[in-house]
Every structure is written in C-alpha cells, then in structure tokens.
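Q: mind looking at a prediction? Sequence and model below.
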Amino acid sequence: MRIIIAGAGNVGFHLAKMLSNEAQDIVLVDNNSEALHYAETHLDVITLRGNATSPRVLREANVEAADMLISVTSSETTNITTSIVGKRLGAKQTIARISNPELLHCGNDIDFHSLGIDNLISPEELAALEIERLVGSSAVSERADFGDGKLSLIGLHIPANAPIRKKSVAEAAQMFPELSFMPVAILRNNRTIIPRGSTPFRVNDLAYFIVEPQYVDGVVEMVGKEMLEIRNIMILGGSGIGVNTARRIANEYHVKLIEQHKQKCFDLADSLPRTLIINGDGRNVELLEEEDISEMDAFIAVTGNSETNIMSCLVAKAHGVQKTIALVENIDYINVSQTIGIDTMINKKLIAASNIFRYVRQGDVLNLTNISGIIEAEVLEFVAHEGSRITRKPIRKLGFPEKAIIGGVVRAGKGMTVLGDFQVQPGDRVVIFALPQAMRKVEALFK
C-alpha cells in the first residue's frame, strides 16, 4: 500500500514506525525539517517538507496513487482540510485526527464522507474509552475483547506473592486445571517474550493472557491478585479526556473531578451534573486528603502535565488507592509504569496511532488491538475460510512462526483456548498475537 501521513509529531511518527515495519510505501509530510530528519534517520520512510493542505505538496507526494491519506497534525483544521483536498486529488481513503469529539457524534447533521473524509479519529475520545475499559477491569493493566466478547485479552503484573511465580507455563496450567487460559506474551525488562510451555513466570513480569470471560477472575487470582469493587473514583484534571471520562462513567460510579481553574469548574458543573466538581490544585496533598482520597477505589490523573499525573498517582497509591491511571505525553514513561507502582500509564497519541493502524489491515481481519506502547505487537482476530492454509493441518504441523502464537478460537459462538493438536476449521474466528516480523507469515496462513 502507498500511504501518505501528514504530520511527523508523536502520532505520525509512531504510526509511520508501525507501518514501516510492515514494509508499506510510506510518505511522511510535515513543515518541520527537524522532525522529518529524525524520522528519516530512524525509519524506512520517504519524507517531504511542506504544507499538507497544499495541492502542490500533495501531488508531489503522489496523492493520486495513495491508498490512504492519514492527516494527524496537531491542527484539527489542517487535518480536515488535508483530507478534503487529498480526496479530491485522488486518495482512495482519508483519515483525519480531530480535537473536538463533538464532531464524532454529528453524523446526522454533517456528512463528512461526502466532504471527502472517510474516518475521524479523536485521541481524547479514544483515551476516555480506554480509561473506561480499565476501570471496568479493576485488577488488570489492559483488557480487550474478541469474538463478540467470547474471548478476552488481559494484561497482569506478576507480584511477589503470585502462586505461579517461578513456575513455567506448563506448570501453571497443571496447578490450575480448572482454568482455561493461554499466555500470549510476557514483557520482561522491556523485552517481549512469546511464551512456550517451558517459559517461567517471574516477579514483575507483565503477562498477557487470552482467556474465556468466565475465567478472567480465576486468572487474576492465579497471579496473586483479586478483582476490586470500584465505587468511588477521583479524576484529576478537567481536560477533554477528564470530561469525556467523567461523562462516560458518572452513571455507574461516584465521581469527583478536581480542576484548578475556577471558571472552568463552573462550566464543568453545568455540563457534568452527576459529577462532583472541586476547584483546587491536585498537586496539593492536603487538598487530596480533605477530599477523602483514601476513600477512593480508583484515581485517574489526566492533566496536561505528565509529571503531575505520575506524582499524584503515587500519592494516591500511598493513601491506599487500589487502581491508578496516569496520562503521560512521553511514550518512554510507559515502560517504567510497572516498576514505580502505577497500575497503568496511557498515552493518547499512541492509542490514536494504534487505532488508525487497524484501518490499514485488509481482508479477513475482524478486529485488531495494539498493546499500548509497551510491546510492539498486535493481537488480531482473523476469520478462516475454506481452503486457507490454516485449516489444512493441526496447529503444530503448520510451521507457525515462532514470533506469533494462537491465543484462542471462537467456533459456533463459543470461545476456547487451543493447543498444538487443535485444527482450525472454516468459519472459525482465530485470535493471534504476533510481533511485526511474523505478520506476513501469519497473514499467508489465512490466504
């Protein structure tokens, strides 16, 4: 595919990195020569300096031959204009990053497709959705569902009291025969391991499992944790993410939102009637204590300052809050989340890049999840067709790539984890975890 990316910031760079691993034909357009030089020296992409709203620049990027034009600059106006102009000049598909989530919900009033925009992406909205999922799965660091909810991917840190610490995958399965689970990845010292039967679990590992939903609680207990009952939540920061999150969860939980600016608090009180709005500086520990931070079950820090978010989450942990989520701008911070005690760090730009990436996947991919920045990998849900290679032999005889693993299969509406002697049948929905270097071999099995 030929893909033009307008914007070499964090979203554009990370997206270009993900796509260049796929050997796609990538053109990265930006006005910032330094950002382009950095991308050129770190990625296998073509760079072009210029304004992406310019027809001349887009033609220079060969937009008429582009399968996809993705505009992810920091300017919503630029992204919308670039997509409209690019579509008129021949781009087959356009995607625009927006900052105003309202635009996502006005489809009845504005037909963006007729204007030339095929898809709108809001990092703030996607981050709020991610936080909502994390709050709903209190003990896990990440969760995604596949097969219409018949299989789940969960990420769990292995604590010092875990029953499976120092046990291999095979030994863990023997210890808990009543559970059906498949470990698909382990992050250890910032290195991704595709686990096999002899791979041991170690303290501080971040382990990812594919499980049937009824076994999620059991797998959580298997690693020495317990599902928490979350009722009281404190949100720090009246940002777009904070407001969207409060709006999504306030009907189910008791929510307090702390915002530093007084006038904004009045506005938030009008727009969030089910949320208690507090005017104050969330960096003030006395204020947090006065607002009963020790009584909170979850603490979500989404101010515009990463350090404030990290430190306030650590304060919350010190006061006994069980679930903490911090928004960070620096993607590198995500790698240290498991070592400093914060349950989950999220980066809205990384979430947006991963979400956009799924549009690149063609054919029989039903669902795609990118593990949020810690692991350069994808979890994909394929459908197996009659005659495809995946259906011809049991898994162990397929020559399945080492850097990939089948996590589970949904057949006739039932999810199941599978072993090497299992044979995929036409119509099965197959959930696969794969590192980039294995992706082409995995896709070939479904042709």
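A: It's in.
Q: most remote residue from this protein's center?
A: Distance from the centre of the chain peaks at Arg56, with 35.0 Å (Cα atoms, centre = their mean).
Q: which pLDDT value goes with that one?
A: For Arg56, the model assigns a pLDDT of 97.
Q: quick one: residues contacting it.
A: For Arg56, the set of contacting residues under the criterion of Cβ atoms under 8 Å, 6 or more residues apart in numbering consists of Gly50. C-betas here are computed from N, CA, C, even on glycine.
Q: hey, C-alpha coordinates of the host helix or strand of it in PDB?
A: Applying DSSP states H and E as the criterion places Arg56 in helix 55-60. Taking only C-alpha atoms (Å, rounded to 0.1, in the frame of the first residue of the first chain), the coordinates of helix 55-60 have been written out as PDB:
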ATOM      1  CA  PRO A  55      -2.400  20.600  -3.600                       C
ATOM      2  CA  ARG A  56       1.100  21.100  -5.000                       C
ATOM      3  CA  VAL A  57       2.700  19.300  -2.000                       C
ATOM      4  CA  LEU A  58       0.100  16.500  -2.100                       C
ATOM      5  CA  ARG A  59       0.700  16.000  -5.800                       C
ATOM      6  CA  GLU A  60       4.400  15.900  -5.100                       C
END
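Q: now that helix: buried residues?
A: Val57, Leu58 (16 or more other Cβ atoms under 10 Å).
Q: same question, stretch 112-124
A: Within stretch 112-124, the residues scored as buried using 16+ other Cβ under 10 Å are Phe112, Gly116, Ile117, Asp118, Asn119, Leu120, Ile121, Ser122, Pro123, Glu124.
Q: in helices, which of the residues you listed appear?
A: When DSSP state H is applied, those are split such that Phe112, Pro123, Glu124 fall in helices.
Q: ok so, going back, what's the closest of the buried residues of stretch 112-124 to Leu156?
A: Pro123 (26.1 Å; Cβ to Cβ).
Q: what distance do you get for Gly341 to Gln322?
A: With the distance defined as Cβ to Cβ, to the nearest Å, Gly341 ends up 12 Å from Gln322.
Q: out of those two, which sits in the busier spot?
A: Just comparing Gly341 and Gln322: by other Cβ atoms under 10 Å the higher neighbour count belongs to Gln322, 18 against 11.
Q: is that one in contact with Phe299, as I believe?
A: No - the pair Gln322 and Phe299 does not pass the contact test of Cβ atoms under 8 Å, sitting 9.1 Å apart.
Q: low-confidence stretches in the stretch 251-400 of the chain?
A: 331-332, 334-339, 361-377 (pLDDT under 70).
Q: just the terminal-to-terminal distance for stretch 90-108.
A: 26 Å (Cα to Cα, to the nearest Å).
Q: for it, give me every contacting residue.
A: Residues from elsewhere that reach stretch 90-108 (Cβ under 8 Å, 6+ apart): 4, 7, 11, 63-73, 76, 79-80, 82-84, 86-87, 110, 112, 116-125, 240, 244, 352, 356, 359.
Q: what subset of those residues is buried?
A: Burial by neighbour count, judged by 16+ other Cβ under 10 Å, picks out 4, 7, 11, 63, 66, 68-73, 76, 79-80, 82-84, 86-87, 112, 116-125, 240, 244, 352, 356, 359 from these.
Q: what about these, which are in strands?
A: Using DSSP state E, the subset of the buried ones among the contacts of stretch 90-108 located in strands is Ile4, Met68, Leu69, Ile70, Ser71, Asn119, Leu120, Ile121.
Q: dump these to a markdown table, plus pLDDT and distance to Val430.
A: Output for those, formatted as a markdown table (pLDDT from 0 to 100; distance: Cβ to Cβ, whole Å):
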| residue | pLDDT | distance to Val430 |
| --- | --- | --- |
| Ile4 | 96 | 32 |
| Met68 | 95 | 26 |
| Leu69 | 97 | 31 |
| Ile70 | 96 | 28 |
| Ser71 | 97 | 33 |
| Asn119 | 92 | 26 |
| Leu120 | 94 | 30 |
| Ile121 | 92 | 27 |
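Q: show me which pair in the residues you listed is furthest apart.
A: Distances among these were taken as Cβ to Cβ; the most separated pair is Ile4 and Leu120, at 17.5 Å.
Q: which SSE is Leu276 in?
A: Using DSSP H and E, the element containing Leu276 is strand 275-279.
Q: quick one, what contacts Ala316?
A: Met234, Leu288, Ile293, Met296, Phe299, Ala301, Thr324.
Q: mind doing that once more with 10 Å?
A: With Cβ atoms under 10 Å, 6 or more residues apart in numbering as the criterion, the residues that contact Ala316 are 234, 236, 288, 293-294, 296, 298-301, 322-326, 342.
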